[in-house]
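**Student:** Any chance you could fold what I've pasted below:
(one chain, ligands or ions: 1)
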Amino acid sequence: MRVVRAKDYDDMSRKAAMIMAAQVAEKPDSILGLATGSTPIGLYKCLIKWYEEGILDFSAIRTWNLDEYENLPRTNDQSYYYFMHENLFDHVNLPEGATHVLNGMNPDAEAECAAYDAAIDAAGGIDIQLLGLGHDGHIAFNEPQDDFPAGTHCVELNPMTIEANSRFFASADEVPKRAYTMGIGSIMKARKILIVVSGKDKAEALKKVLCGPVTPQVPGSILQFHPDVTVVADEDALSLI
Ligand code: F6R
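**Tutor:** Numbers count the residues shown, from 1 in each chain. A predicted model of the protein is given here:
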């Protein structure tokens, strides 16, 4: 694992965006795995700015997102589909049909998830997967549990994640209780992984991910076994290491 130390959130965003931008420049038809959440927003802003300045071209890029809430319409401003359009897709020249977000409204979870994995494989696999890190060490919606789930699947969200995500909803009651997510196996298949982490509240989780034992109780710890991971974290997030 390579660890890139950033001063603060803005510095983390810029440094991580440079890694994404290099991928897009080096391989203009790259397959990007994308994440939602607060942490990547600054990175997406940098990519948009560099697109507007003519530095980046997304016309041959395709994207697959990590996860989506179950049963939340795409028009809901808390759906990850909506988030991605707001924070990236609507601001760069990604062609219609090039972006993929799990359809949480499909009641047949198994079929939805299997088709998603098959589509990624058929496209040639993910070149670079962007991740954030949950306070309990989760990546995508893979929560601490007894095993490492392989492919895309439907999960029950744990109370800590529901509580953390309730900041975006009127109340915790409104946060969906289930989600569709890429599995640990799907994430580990990506050729490169870029994980962004910011803030003192993530320091404990990041320490476990980087220095602790590899265990499904800290899902992100599996990244220690991936051959090409770059962690871009700010000083606060790295404060316990
Ligand atoms: C988002 C995702 C989640 C977040 C994680 C951290 O697509 O899969 O695992 O990356 O919950 O979220 P933030 O960045 O909001 O702290």
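**Student:** Sketch out the low-pLDDT regions of the chain for me.
**Tutor:** Residue ranges of the chain with pLDDT under 70: none are present.
**Student:** need the residues of it near the ligand, please.
**Tutor:** 35-39, 66-67, 132-134, 138-141 (C-beta under 6 Å from any ligand atom). All C-beta atoms are positioned from the backbone trio N, CA, C, and that covers glycine.
**Student:** Longest helix in this protein, please.
**Tutor:** Ordering each helix of the chain by length in residues (DSSP state H) puts helix 9-26 first.
**Student:** Now do that helix: distance to the chain's middle.
**Tutor:** Counting by C-alpha atoms, centre = their mean, to the nearest Å, helix 9-26 is centred 15 Å from the centre of its parent chain.
**Student:** Moving C-terminal from it, which element do we reach first?
**Tutor:** Moving toward the C-terminus from helix 9-26, the next helix or strand (DSSP states H and E) is strand 31-34.
**Student:** What helices and strands are in contact with the strand or helix carrying Trp50?
**Tutor:** Assigned by DSSP H and E, Trp50 belongs to helix 41-52. When contacts are defined as 3 or more C-beta pairs under 8 Å, 6 or more residues apart in numbering; DSSP states H and E, helix 41-52 sits against helix 9-26, helix 80-87.
**Student:** List phi and psi for the residue nearest the centre of the chain.
**Tutor:** By C-alpha atoms, centre = their mean, the chain has its centre lying nearest to Ala35, at 2.5 Å. The phi/psi pair for Ala35 (degrees, to the nearest 10) reads phi -130, psi 160.
**Student:** Spit out the contact partners of it.
**Tutor:** Listed by C-beta atoms under 8 Å, 6 or more residues apart in numbering, the contact set of Ala35 reads 65-66, 130-132, 140.
**Student:** same thing but 10 Å
**Tutor:** 43-44, 65-67, 80, 83-84, 129-133, 139-140, 194-196 (C-beta atoms under 10 Å, 6 or more residues apart in numbering).
**Student:** same deal with Pro219?
**Tutor:** Neighbouring residues of Pro219 by C-beta under 10 Å, 6+ apart: 133-134, 136-145, 148-149, 183-184, 187, 209.
**Student:** how much space between Leu88 and the ligand?
**Tutor:** According to C-beta to the nearest ligand atom, to the nearest Å, Leu88 and the ligand sit 12 Å apart.
**Student:** Contact partners for that residue?
**Tutor:** So Leu88 contacts 32, 34, 36, 40-41, 43-45, 47-48, 51, 58, 63, 94, 99 (C-beta under 10 Å, 6+ apart).
**Student:** let's go with 6 Å and repeat that
**Tutor:** Contact analysis of Leu88 by C-beta atoms under 6 Å, 6 or more residues apart in numbering lists Tyr44.
**Student:** about what we covered before: next helix or strand past the helix holding Trp50?
**Tutor:** Per DSSP H and E, the first helix or strand lying C-terminal to helix 41-52 is strand 62-65.
**Student:** what distance separates that following strand from the centre of its chain?
**Tutor:** Distance of strand 62-65 from its chain centroid, counting by C-alpha atoms, centre = their mean, is 10 Å.
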